[in-house]
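Undergrad: take a look and give me a structure for this.
(one chain, ligands or ions: 1)
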Amino acid sequence: MRKVGIIGVGEYLPERILNNADLEKLVDTSDEWITTRTGIKERHLVSKNEAASDLAIKAAKQALSSAKLKPQNLDLIVVATITPDMPFPSVACILQNVLSAKNAICFDISAACAGFVYAIVIAQQFIARGSCKNALIVGTEVLSSITDWEDRNTCVLFGDGAGAAVLSEVKTGGILSTYIGSDGAMADLLFMPGGGSRNPTTHKTIDNRLHYVKMRGNELFKLAVKSMTEAGHKALAKAGLSCKDVACFIPHQANIRILLAVAKRLGIDEKKIYINIAKYGNMSSASTATALCEAVKEGMIKKGDIVLLDAFGAGLVWGAVVIKW
Ligand code: ACO
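TA: Presented below is the predicted three-dimensional model:
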């Protein structure tokens, strides 16, 4: 089996910003409530006519340039998204065409907030077994397109953005271990009922607001803490490492209280957590991806460091990856 590592990262956040004061004008909420309960101050939102692939292409180009690879060098593109441009074709195929990455096989995956972690695991398998050499993975979301802007329980949480990484064979370090899990019995804690084959779009589904995120936040909160803690422990144990070895912890940015609680349970010092939730909110698959990119760009991750990525989301799905940078 070949060693696989991340050799380039990229991100893109749309220009428009919606802050907590703006939300106070939309729903019965306050900056104080949002800040203390979630840690979010503002989020980026797409402009009219901007879709998931538009964000993905910008993040992907940055990741390819940081990896010093040309699109033609890619033989795999995996896009993690729950807000694709359209049900089909995949965002990955749209991306392939715009990039002219003619040699890549392309598909999307639906693993919500754990999508980027799942994409790392998938790309690693292809490269480790020798069926691919260079993979581009992207987490891209336009959550604003499925957010109910009249529901204060959810609309304060989400944002739009994209993060990308290029994976390739490496001589030293790279991915040391991965752990992923799923539990479909909890699907009704977080879902979007409308628009699929169960409830095809009709005037009635629109009137009943079925095309928006439905969430039971309180129950999810507890499961997020439990599952992310377990995933972190299991991935570290598989790598033969302990929490003390972790130089940088990159959790899914769902809620500041969730990520601090997970770090505490894992025994990881607060100073080692990369946190960008105040600027972006929860961007599902794009959260872990942009956090990794920014931690690299800001010098929080250096060569030889042990990095722990850890995520949880709708499905339910969760997972963690240990990387020696
Ligand atoms: N502004 C003001 N008050 C609000 C708001 C708001 N935006 N939203 C809810 N409230 C009210 C509720 O109505 C409730 O009022 P009540 O006591 O009169 O009924 C009160 O605040 C407390 O509500 P809770 O839901 O108990 O608040 P909690 O502390 O659990 O915070 C939150 C809610 C932020 C959603 C939290 O549960 C959470 O972050 N859960 C994780 C869910 C999540 O991240 N989902 C996204 C995808 S999954 C993932 O990424 C992990």
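
Undergrad: where does the residue nearest the centre of the chain land on pLDDT?
TA: The chain has residue 285 as the residue nearest its centroid, 2.2 Å off, counting by CA atoms, centre = their mean. Residue 285 is assigned a predicted lDDT (pLDDT) of 98.

Undergrad: which residues touch it?
TA: Going by CB atoms under 8 Å, 6 or more residues apart in numbering, residue 285 touches 80-82, 111-116, 119, 139-141, 313. All C-beta spots, glycine's among them, are computed from the backbone N, C-alpha and C.

Undergrad: let me see the domain layout of this protein.
TA: Per automatic domain parsing, the domain ranges recorded for the chain read 4-171, 176-324.

Undergrad: quick one: the residue nearest to the centre of the chain from residue 69, how far?
TA: Here residue 285 is placed at a distance of 22 Å from residue 69 (CB to CB, to the nearest Å).

Undergrad: distance of the residue in the stretch 101-250 of the chain that the ligand sits nearest to from residue 130?
TA: As assessed by CB to the nearest ligand atom, the ligand sits closest to residue 217 within the stretch 101-250 of the chain, at 2.8 Å. Distance, residue 217 to residue 130, using CB to CB: 43 Å.

Undergrad: between those two, point out the one with more neighbours.
TA: residue 217 (16 against 10; other CB atoms under 10 Å).

Undergrad: tell me the SS of the residue nearest to that one when sequence neighbours are not counted?
TA: With CB to CB, 6 or more residues apart in numbering as the criterion, residue 217 has its nearest non-adjacent residue at 6.2 Å, and that residue is residue 153. Secondary structure for residue 153, judged by DSSP: H, G, I helix; E, B strand; the rest coil, is helix.

Undergrad: report pLDDT for residue 153.
TA: You'll see residue 153 listed with a pLDDT of 96.

Undergrad: quick one: contacts for residue 189?
TA: So residue 189 contacts 215, 216, 219, 220, 223, 314, 316 (CB under 8 Å, 6+ apart).

Undergrad: if we go to 6 Å?
TA: 216, 219, 220 (CB atoms under 6 Å, 6 or more residues apart in numbering).

Undergrad: ok, residue 310 next?
TA: Contacts of residue 310 by CB under 6 Å, 6+ apart are 228, 231, 232, 251, 320.

Undergrad: helix, strand, or coil at residue 29?
TA: coil.

Undergrad: just checking, residue 277 touches residue 39?
TA: Yes - in this structure residue 277 lies within contact range of residue 39 using CB atoms under 6 Å: 4.9 Å.

Undergrad: more neighbours: the two, which one.
TA: Set residue 277 next to residue 39 and count neighbours by other CB under 10 Å: residue 277 wins out with 25 against 19.

Undergrad: could you look up the SS state of the closest residue to that one other than its chain neighbours?
TA: Ranked by CB to CB, 6+ apart and with sequence neighbours excluded, the top spatial neighbour of residue 277 is residue 253, at 4.0 Å. Secondary structure, three-state DSSP: residue 253 is coil.

Undergrad: distance of residue 253 relative to residue 106?
TA: Distance, residue 253 to residue 106, by CB to CB: 27 Å.

Undergrad: okay, those two: which has more neighbours?
TA: Neighbour count, other CB under 10 Å: between residue 253 and residue 106, residue 253 has more, with 30 against 20.

Undergrad: what's the span of stretch 183-200, first residue to last?
TA: Terminal residues of stretch 183-200 lie 25 Å apart, using CA to CA, to the nearest Å.

Undergrad: actually stretch 99-108, not the one I wrote
TA: Using CA to CA, the end-to-end distance of stretch 99-108 comes to 16 Å.

Undergrad: now stretch 163-175
TA: Using CA to CA, one end of stretch 163-175 lies 18 Å from the other.

Undergrad: and if you look at stretch 83-96?
TA: Terminal residues of stretch 83-96 are spaced 18 Å apart (CA to CA).

Undergrad: now it: mean pLDDT?
TA: Computed over stretch 83-96, the mean pLDDT rounds to 98.

Undergrad: ok, residues contacting it?
TA: So stretch 83-96 is contacted by 51-53, 56, 77, 79, 81, 104, 106-108, 141-142, 145 (CB under 6 Å, 6+ apart).

Undergrad: got the residues of the stretch 201-325 of the chain near the ligand?
TA: With CB under 6 Å from any ligand atom as the criterion, the stretch 201-325 of the chain meets the ligand at residues 215, 217, 218, 220, 221, 224, 252, 254, 255, 282, 312, 313.

Undergrad: residues making contact with the helix with the most length in the chain?
TA: Taking DSSP state H as the criterion, the chain has its longest helix at helix 217-238. With contact meaning CB under 6 Å, 6+ apart, helix 217-238 is reached by 177, 179, 189-190, 258, 261-262, 265-266, 310, 312, 318-320, 322.
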